[in-house]
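> structure for this input, please:
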Amino acid sequence: MGIAGQEVSGVIDSEGGRAEWVFPAVPDAVRTARRQVRGALREWDLDCVGDTAILLVSELVTNALRHATGPIGVRLLRRPAAPPGILLVEVSDPLPDPPRERVARPEDEDGRGLQLVASSVHRWGTRAGDAGKTVWFELTLPG
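Take a look at the predicted model:
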């Protein structure tokens with residue numbers, strides 16, 4: 001599947017509970033990431049966390065598009081064995097700088113993404129990588 005003439009690479013391992021994609025840094029990446037994440041969660045019968053996961057992936061992919069210029073990675077890891085089950089979601093980009101949470105004023109049109117992540121998830125954070133950073137969050141799965 002291509003975005004603006006560029007290829008999206010991805011893999012879904014239903015047995016292992018892993019899905020990951022790499023998207024080019026183009027505006028359609030947000031829409032395509034939402035579609036891919038929704039499809040994987042449906043395949044895993046995790047529609048119960050789908051809306052939240054998709055909203056937060058949209059926010060993080062949008063942040064990556066605004067601040068980075070390279071490919072954007074999205075990875076889902078389903079961990080049903082650890083009670084309660086956890087869905088780990090990661091969004092990576094080549095910019096090494098960690099995101100900064102800020103307080104948006106009522107008239108601001110942006111600046112709420114990380115606040116939304118922090119208020120909607122079990123845990124979240126960032127980690128540096130060899131080629132950028134990863135912002136991750138965990139959603140608790142109903143058990």
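
> how much space between the most centrally placed residue in the chain and Arg34?
Residue closest to the average C-alpha location in the chain (CA atoms, centre = their mean): Val57, at 3.5 Å. Going from Val57 to Arg34 by CB to CB, to the nearest Å gives 7 Å. For glycine as for every other residue, the C-beta is placed from the backbone atoms N, C-alpha and C.

> any weak-confidence spans in the protein?
Residues of the chain that meet the criterion pLDDT under 70 lie in 1-12, 14-15, 81-83, 101-112.

> give me that answer again for 90
Applying pLDDT under 90 to the chain picks out residues 1-17, 27, 66-70, 79-85, 96-120, 122, 129-131, 142-143.

> just the strands in it please.
Along the chain, the segments classed as strands by DSSP state E run 2-3, 6-7, 9-13, 18-23, 72-79, 86-93, 123-129, 132-140.

> out of those strands, which one sits most buried?
Of the strands of the chain, the one with the most neighbours on average (mean count of other CB atoms under 10 Å) is strand 86-93, at a mean of 23.

> and that one, how far from the chain's centre?
5 Å (CA atoms, centre = their mean, to the nearest Å).

> what lies in contact with that strand?
For strand 86-93, contacts defined as CB atoms under 8 Å, 6 or more residues apart in numbering pick out 25, 37, 41, 46, 49, 53, 56-57, 60-61, 64, 67-68, 70-79, 122, 129, 132-141.

> now the angle from that strand to strand 18-23?
Orientation check (axes from the mean of the first three to the mean of the last three CA atoms, to 10 degrees): strand 86-93 against strand 18-23 gives 20 degrees.

> quick check: longest helix of the protein.
Longest helix in the chain by number of residues (criterion: DSSP state H): helix 50-67.

> can you point out the buried residues in it?
Using 16 or more other CB atoms under 10 Å as the burial criterion, the residues of helix 50-67 that qualify are 50, 52-54, 56-65.
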